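J.: From the sequence below, what's the structure:
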Amino acid sequence: MKSIMLSLLALTFVLLPMSQAQAKNTPCSGKMGGVSHCSKDGKFVCKNGKISQSKRVCH
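T.: Numbers count the residues shown, from 1 in each chain. Take a look at the predicted model:
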């Protein structure tokens, strides 16, 4: 039982940095609140109303 708990704890520490790295590469991440919708010209509109600086195209 102790080894299972230790394995789960280790797995958590391995996966946590990966999810944080993915969040940094997402349009409208962090203080912008996430993606609200796409503009007509294919840009990401964030929940705070600002246009994302992402080079990716929104569909």
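J.: show me where the protein has helices.
T.: Here the chain has its helices, by DSSP state H, at 2-24.
J.: which regions of it sit below the pLDDT cut-off?
T.: The chain contains residues with pLDDT under 70 at 8-25.
J.: let's go with 80 and repeat that
T.: 1-2, 4-26 (pLDDT under 80).
J.: Contact partners for Gly42?
T.: Val57, Cys58, His59 (Cβ atoms under 8 Å, 6 or more residues apart in numbering). C-beta: built from backbone N, CA, C; applies to glycine.
J.: roughly how far apart are the closest residue to the second one other than its chain neighbours and Lys2?
T.: By that I understand Cys58. In space, and not counting its chain neighbours, Cys58 is closest to Cys38: 3.7 Å by Cβ to Cβ, 6 or more residues apart in numbering. Distance, Cys38 to Lys2, using Cβ to Cβ, to the nearest Å: 49 Å.
J.: before we move on, what about Val45?
T.: From Val45 over to Lys2 the distance is 49 Å, taken as Cβ to Cβ.
J.: Who has more neighbours out of the two?
T.: Val45 (18 against 6; other Cβ atoms under 10 Å).
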